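# Curious how this folds, go ahead:
(chains A, B, C and D)
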Number of protein chains: 4
Amino acid sequence: MRFFSDNAAPVSPAVMTAIMAADTLDTAYDGDAWSGRLDAAFSALFETEVSAIWVPTGTAANCLALATLCPPFGGVLCHEEAHVEMDEAGAPEFFTHGAKLMTVPGEGAKVAPDMLRAKLATIRDDVHQVQAHALTITNATEYGLVYTPAEVAALGDLCRERNIGFHMDGARFANAVASLGCSPADLTWRAGVDALSFGFTKNGGMSAEALVYFRPGLVDQAKRRRKRAGHLLSKGRYLAAQLLALIADDLWLKNGAAANAAAKRVADAAGDRCLHPVQANEIFIRVTAAEAASLRALGYDFYDWGEGAARLVTAWHHKAEDVQPLADAIAAL
Amino acid sequence: MRFFSDNAAPVSPAVMTAIMAADTLDTAYDGDAWSGRLDAAFSALFETEVSAIWVPTGTAANCLALATLCPPFGGVLCHEEAHVEMDEAGAPEFFTHGAKLMTVPGEGAKVAPDMLRAKLATIRDDVHQVQAHALTITNATEYGLVYTPAEVAALGDLCRERNIGFHMDGARFANAVASLGCSPADLTWRAGVDALSFGFTKNGGMSAEALVYFRPGLVDQAKRRRKRAGHLLSKGRYLAAQLLALIADDLWLKNGAAANAAAKRVADAAGDRCLHPVQANEIFIRVTAAEAASLRALGYDFYDWGEGAARLVTAWHHKAEDVQPLADAIAAL
Amino acid sequence: MRFFSDNAAPVSPAVMTAIMAADTLDTAYDGDAWSGRLDAAFSALFETEVSAIWVPTGTAANCLALATLCPPFGGVLCHEEAHVEMDEAGAPEFFTHGAKLMTVPGEGAKVAPDMLRAKLATIRDDVHQVQAHALTITNATEYGLVYTPAEVAALGDLCRERNIGFHMDGARFANAVASLGCSPADLTWRAGVDALSFGFTKNGGMSAEALVYFRPGLVDQAKRRRKRAGHLLSKGRYLAAQLLALIADDLWLKNGAAANAAAKRVADAAGDRCLHPVQANEIFIRVTAAEAASLRALGYDFYDWGEGAARLVTAWHHKAEDVQPLADAIAAL
Amino acid sequence: MRFFSDNAAPVSPAVMTAIMAADTLDTAYDGDAWSGRLDAAFSALFETEVSAIWVPTGTAANCLALATLCPPFGGVLCHEEAHVEMDEAGAPEFFTHGAKLMTVPGEGAKVAPDMLRAKLATIRDDVHQVQAHALTITNATEYGLVYTPAEVAALGDLCRERNIGFHMDGARFANAVASLGCSPADLTWRAGVDALSFGFTKNGGMSAEALVYFRPGLVDQAKRRRKRAGHLLSKGRYLAAQLLALIADDLWLKNGAAANAAAKRVADAAGDRCLHPVQANEIFIRVTAAEAASLRALGYDFYDWGEGAARLVTAWHHKAEDVQPLADAIAAL
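Numbering: from 1, shown residues only, chains lettered A, B, ... in the order given. Below is the predicted model:
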């Protein structure tokens, strides 16, 4: 049983059904009926008027967002372990034409306002230093922690104060919302977020993410940049259909909650082996090489996370009874 | 009935079956079993060792290929009506970091060696002028003409002579091969082609294209650029499965042939209304505005192509009996 | 005697004097007293408040201007024989991050409003085609013709109507103004020009050009881009001093007039050998290879301009008596 | 008296003489006689065949070098306080099209092999992480320390082992060589350096730096990139003449030694106020705000360097008797 990442999970049945239902001729690109319903669907979900476009990957969603918030000569603030900094192969630099990622430290890959202020204080306001134009945070973070609406709002206030655009990488937005029990609106635009990468691929989709703009005036540019980056698929209806299927009846939230519940079961069994609070669907545990080997011998696959640690990620399709044996095995170590 | 473009056609049943068969957990990105079979499958098809990677769009395939063949300070030769020049929103410039498209004219969007030589002759070999590093041709062309293996080879010879990389945009490669009845090898690497964008989306796929390298030493860089451009989908198995399904039992070729046959039936009816020889699956016909309106009144949709002309594109799912009424209507104009 | 180009001429004595006067310690970059006087000096010259910064080359001036007027995904309209298109090695694409040059034809390298309208009419307003964001014209043109204030204003009106930024490459702005006898203001901002590359290197400077912004709100960005492109020289006072010396007592205009007068003398002798009206300091003449050789045998150097033609350029330091023998030689051919 | 930076010092008399001697008509760009002598002059200096081109700024020299050593999708290793990271406004990202600066810590802004190995060990060799393609070090460093030939060679060995290009930012190369008393060859190519930014502007030049390639095969590309970046000045002879004047009779070395000697005199007076060993021409001293104010009241200008510290930089024109009063004032604090 594999716990490498939720990004390889199978597709939610409703998504597959929706894809098949979209298997008919319609207008190409985003001129089809499904794509045409996205703005309304996401506006309803977020309780305000938003613009939402599909892209096939989270990298594209994140980087298009940053490119619309930061000029080539600007800088993007992020956590030093953020996905955009560590694991996107320089994609932010590619899409922004060389904007500089400016990193801050913080426990559990969370950015805190004081660290951000400290970073900003080191930047001289002259033409020799890159100035910060955007902030991106990941919610849930790369270590499975969640930002609360209040925490996001504190960062949002700082962004407004400094005239900095605010992006949220929500590759696991569903897990964060499910964990917090808050409204999507409270966690985003009401807290000052300008643009959200709303992840669906890890949430039961096949290959579809939404880039949601709360701040008006940016989506037209994002659409041009999407095309220019080769991300305007000609049969976009298959992507739009996935998003609509996951939004319908709050399937996205149910899937997020299911993954979280599975993670919690493992976390409860792991107890103080846990290196971080398990607030979403990622579990980081302390294990010796021998312990890791014994788990693998039982058929569980996962990533080592440096020396003496491992990362396990649950997904929407993991049921309690699926993960109970793993939980038992960890408890028995 | 819609003849806007083959890029909006539904998905070949075998492709949908393959997608569903891939709906199981496997390693993310291109670490899955399906992706792992691509090199062998394409090598068999091309009768030589090739490297093949999937991407979700033809724009990505074309532009990644060009970025690996041309440095930022170089130029890419192409037809003045090539898709990369006209309809990719500056994507080649984005992926290559500003390489310059250098256009040549030619009937039916075909590039001829003499026009190419003439263009090259205008470029001074000094640092003030951009030097040509790559050539890209589209086969079948944007006007539905095909380059024969001999025609491609003549361009390939010129490329080798001038040390210019040679890319073929094969968004409709299947239609070209089906039309010519030649081997894929003869139309590509045996004729000097270094890299091919092998189109499957217009050929019955959902959202998958192959970037095939015949010249060794480039694919590693292409994989890094693919990731950096956000085109490394995490569930890549769904794309690989599409490609494998279309290659199996020559489905790609059958689909290409079917689209061509439908086009031929319309073309035969259109007679000398045809503005270009119909060699693949695109028909450009002379029609007055009134005639176009009368066809639309019968339920046929298509693009106007400037004043007094229209473009109709058939796809893999068009059967002879489907298009016969259209053919009759055109004949009756 | 060399008539290759005015860009290799020696330095005006007043410029050399000013450089030596600046040979004292002052604040680095553009924090010195000379640089601090530029805005006022150029504002006086242009009879309105402008922002002016120095750069060492015309390529930098042109491309910084374009980068502030056109986003990476936009297009820059220019003449098909414009210097930015032909002889800047892809610099506009580099500085703009891949914006597309969109060329229009026109006699004598002049852009006419009707050609511009025709070009704009070919661009579909969708995300598949690059949209025009800026226009750049060269005054005097690459063939030594000048745009009158009325001609510039006609283009300026079109730019405003279409929301297109308007840049003038004034590598030979002095020659144009001297030829027209108009005010610099009439030829630029009063005619709708947003930014001017005001050339001084061809006008008696050593290595200094001014980038002048008439439209507010762009110069701050230009300063950041200048630094980022490596064009913020640490001893900027030497550049500022050159510009101030050439502006003082209208030396720039006298130098331009002197070059024009020398060109006129040659042009009068050449008569109907002239391929273009000689309105500034460039003369294009019809000559056979034998005739060109005979001129060279007399000690005159110049560029061939395709078959059967030659280009001669005069500069600020050419006096009537210097060029008379050349004029006589041409008349005697 | 100003000790802000050597980058604002006046011009060495021999340089001004050379500039005036170059004030004659010659071929434009780098086709003149002075530019034509650079390769030979630098080859003699470095005791091996090198290619050397002029550029107007150190930023341009550094970034052109990096662009020829690192692809857009690669990374450049550097010290976390390196000039390229801190004070070039994102220029490396601009010239390299978004390559990522990968920083390492180290006392006095020096990069040590073990820190470099530690950094490299954190990079997974997969397509998700940016791979290191180049290393750049500054000699003398931003804190006035020098790398010895042996220290450079240790880094050079590591670069060769890992197939990493090696660049030296020699904005103060003259100061380093003068301090070490070694040969320029030992400090560069014999120690594995591929490209050197050889600074002359801080060394008595007006606005000229040399980019010197020890590794063959890169200079042609560098020349194209130079033009594309707007750094090919049309009257390049004035830059080449500066370089030749400073190389002649080892003026560069004498100027470097003079600046170092002035710095040493101040350092000796400052004693253990010095925060770093003073090995070149920069002095960092511990001073209270009151002490700094008292020095300024005596007419000495310099930069604060964070809280409780100041930076003073001497230049080629500072004579012992010039700086003695400053030294006395510091000793008397």
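
# any chance you could map the strands in the stretch 1-150 of chain A?
A:51-55, A:74-79, A:100-104, A:131-138 (DSSP state E, counting those that start in this stretch).

# looking at the ones you listed, which is closest to B:Phe200?
Of all the strands of the stretch 1-150 of chain A, strand A:51-55 sits nearest to B:Phe200, with 19.9 Å by CB to CB. All C-beta spots, glycine's among them, are computed from the backbone N, C-alpha and C.

# separation between the closest residue in space to A:Ser51 that isn't next to it in sequence and chain D?
Excluding the flanking residues, the one nearest A:Ser51 by CB to CB, 6 or more residues apart in numbering or on different chains is A:Val219, at 3.8 Å. A:Val219 is 24 Å from chain D, where distance means CB to the nearest CB, to the nearest Å.

# quick one, phi psi at A:Val219?
Dihedral angles of A:Val219 (phi, psi; degrees, to the nearest 10) stand at phi -70, psi -30.

# cool, and A:Leu211?
Dihedral angles for A:Leu211 - degrees, to the nearest 10 - are phi -100, psi 110.

# For it, name its beta-bridge partners.
Bridge pairing for A:Leu211 (DSSP bridges) gives the partners A:Ile53, A:Ser197.

# In the lengthiest helix in chain A, which residues are buried?
Determined from DSSP state H, the single longest helix within chain A is helix A:251-270. For helix A:251-270, the neighbour count (16 or more other CB atoms under 10 Å in any protein chain shown) marks A:251-267, A:269-270 as buried.

# what's it packed up against?
For helix A:251-270, the elements it packs on are helix A:173-180, helix A:237-247, strand A:282-286, strand A:309-313, helix A:320-331, judged by 3 or more CB pairs under 8 Å, 6 or more residues apart in numbering or on different chains; DSSP states H and E.

# Mind doing that once more with 6 Å?
helix A:173-180, strand A:282-286, helix A:320-331 (3 or more CB pairs under 6 Å, 6 or more residues apart in numbering or on different chains; DSSP states H and E).

# Out of the strands of the stretch 1-150 of chain A, flag the one nearest D:Ala44.
strand A:100-104 (39.8 Å).

# tell me the mean pLDDT for the closest one?
Averaged over strand A:100-104, pLDDT sits at 98.

# try stretch A:25-40
95.

# ditto for stretch A:232-251
98.

# would you put the C-alpha positions of that stretch in CSV?
In CSV, the C-alpha atoms belonging to stretch A:232-251 read as follows (Å, rounded to 0.1, in the frame of the first residue of the first chain):
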residue,chain,number,x,y,z
LEU,A,232,-4.7,26.1,-22.8
LEU,A,233,-5.7,22.6,-23.6
SER,A,234,-7.8,22.2,-26.7
LYS,A,235,-10.2,19.9,-25.0
GLY,A,236,-10.6,21.9,-21.9
ARG,A,237,-14.0,20.6,-21.3
TYR,A,238,-12.5,17.5,-19.7
LEU,A,239,-10.7,19.6,-17.2
ALA,A,240,-13.7,21.8,-16.4
ALA,A,241,-15.8,18.8,-16.0
GLN,A,242,-13.5,17.4,-13.3
LEU,A,243,-13.6,20.7,-11.4
LEU,A,244,-17.4,20.9,-11.6
ALA,A,245,-17.7,17.3,-10.4
LEU,A,246,-15.6,17.9,-7.4
ILE,A,247,-17.3,21.1,-6.4
ALA,A,248,-20.8,19.6,-6.8
ASP,A,249,-22.2,18.4,-3.5
ASP,A,250,-19.0,19.4,-1.8
LEU,A,251,-17.2,16.3,-3.0
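
# thinking again about what came up before, among the helices and strands packed on helix A:251-270, which is the most enclosed?
Of the helices and strands packed on helix A:251-270, the one with the most neighbours on average (mean count of other CB atoms under 10 Å in any protein chain shown) is helix A:173-180, at a mean of 27.

# Could you give the separation of it from the chain centroid?
Its chain's C-alpha centre and that of helix A:173-180 lie 10 Å apart, by CA atoms, centre = their mean, to the nearest Å.

# who touches it?
Residues from elsewhere that reach helix A:173-180, judged by CB atoms under 6 Å, 6 or more residues apart in numbering or on different chains: A:139-140, A:146, A:184, A:198-199, A:203, A:252-253, A:256-257, A:260, A:279-281.
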